[in-house]
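*Asks:* Dropping a prediction and its sequence here:
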Amino acid sequence: MRAFLAMKTDGVMDDMIESDLREIGIAATKLADHLGFGFGFGTSFLAFLACAAAIYLLILDRTNWKTNMLTSLLIPYIFLSLPTILFSFFRGEVGLWIAFVAVVLRLFFPRRFPDWLELPGALILLLVVAPGFFTDRVRGNVVGVFICLVIGCYLLQEHIRASGGFRKSFTQSKGVSNSIGIILIMVYPVWWLVLYLM
């Protein structure tokens with residue numbers, strides 16, 4: 001075995017690479033802030049977009065475009081990614097009244113309560129009755145965003161499997177709209193985690 005001598009420049013090279021990576025991260029953060037995609041406006045816009053895509057997927061599943069996806073997972077996704085303005089609106093007095101009307105209709109008029117209102121009713125109930133731990137600590141935190149990413153990845157995997165492969169999920173008429181919706185719900189958590197790790 002040969003014994004190698006360590007050169008004085010070995011540690012310097014590692015420090016330079018680490019410094020360069022740190023500078024790239026700072027430059028990317030400044031670019032994102034300059035373009036309006038920092039933790040402020042850009043993240044809020046992507047959260048709105050992700051919630052709209054999740055609602056779109058719920059509507060698609062309740063129409064004649066039925067899929068084999070577990071769309072009930074979109075309810076916790078919407079709960080965790082709903083922008084703060086809408087979350088506080090539905091968590092307040094308005095949400096209480098909507099939840100009250102939904103429960104009364106479901107209890108006293110079950111035959112008149114349509115099936116397509118089950119998941120939106122569950123979302124409103126979840127928004128209103130969720131404990132403060134979930135609304136303050138999990139929502140808008142790394143844990144909540146990671147749960148959103150896991151839900152998006154699971155839905156994408158299930159959609160690809162139900163479509164018969166990756167290629168078919170993007171070429172069939174039903175598959176394209178669902179694929180676009182699922183990709184849009186994955187953009188928000190990925191962007192949030194990228195900015196968080198920088």
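*Replies:* Received, thanks. Residues are numbered from 1 along each chain as shown.

*Asks:* So, low pLDDT: which residues of the chain?
*Replies:* Residues of the chain meeting the criterion pLDDT under 70: 1-14, 29, 31-42, 62-69, 173-174.

*Asks:* how does it look with 50?
*Replies:* Applying pLDDT under 50 to the chain flags no residue at all.

*Asks:* which residues of it fall in helices?
*Replies:* Assignment of helices within the chain using DSSP state H yields the ranges 9-34, 41-62, 74-81, 84-91, 93-108, 118-129, 132, 142-163, 166-171, 173-197.

*Asks:* Put together TSV for these, with mean neighbour count on each row.
*Replies:* Quick note: C-beta positions are derived from backbone N, CA and C, even for glycine. Formatted as TSV, the helices of the chain follow (neighbours: other Cβ atoms under 10 Å):
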stretch	mean neighbour count
helix 9-34	11
helix 41-62	19
helix 74-81	24
helix 84-91	16
helix 93-108	14
helix 118-129	18
helix 132	7
helix 142-163	18
helix 166-171	14
helix 173-197	18
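
*Asks:* Which residue lies nearest the spatial centre of the protein?
*Replies:* Among the residues of the chain, the one closest to the centroid is residue 148, at 4.1 Å (Cα atoms, centre = their mean).

*Asks:* what's in contact with stretch 108-121?
*Replies:* With Cβ atoms under 8 Å, 6 or more residues apart in numbering as the test, stretch 108-121 has contacts from 58, 62, 71, 72, 74, 75, 99, 102, 105, 106.

*Asks:* Which of those sits closest to residue 132?
*Replies:* residue 99 (17.2 Å; Cβ to Cβ).

*Asks:* which among the contacts of stretch 108-121 gets closest to residue 171?
*Replies:* Among the contacts of stretch 108-121, and counting by Cβ to Cβ, the member closest to residue 171 is residue 71, at 22.0 Å.

*Asks:* I'd like to know how many residues surround the closest one.
*Replies:* If you count neighbours by other Cβ atoms under 10 Å, residue 71 ends up with 20.

*Asks:* Go ahead and confirm it touches residue 56.
*Replies:* No - between residue 71 and residue 56 there is no contact under Cβ atoms under 8 Å: 11.1 Å.

*Asks:* I figured the residue nearest to the centre of the chain hits residue 77, correct?
*Replies:* Yes - counting by Cβ under 8 Å, residue 148 touches residue 77, with 5.5 Å between them.

*Asks:* and for the two, which residues touch both?
*Replies:* Taking Cβ under 8 Å, 6+ apart as the criterion, residue 148 and residue 77 both touch 50, 185.
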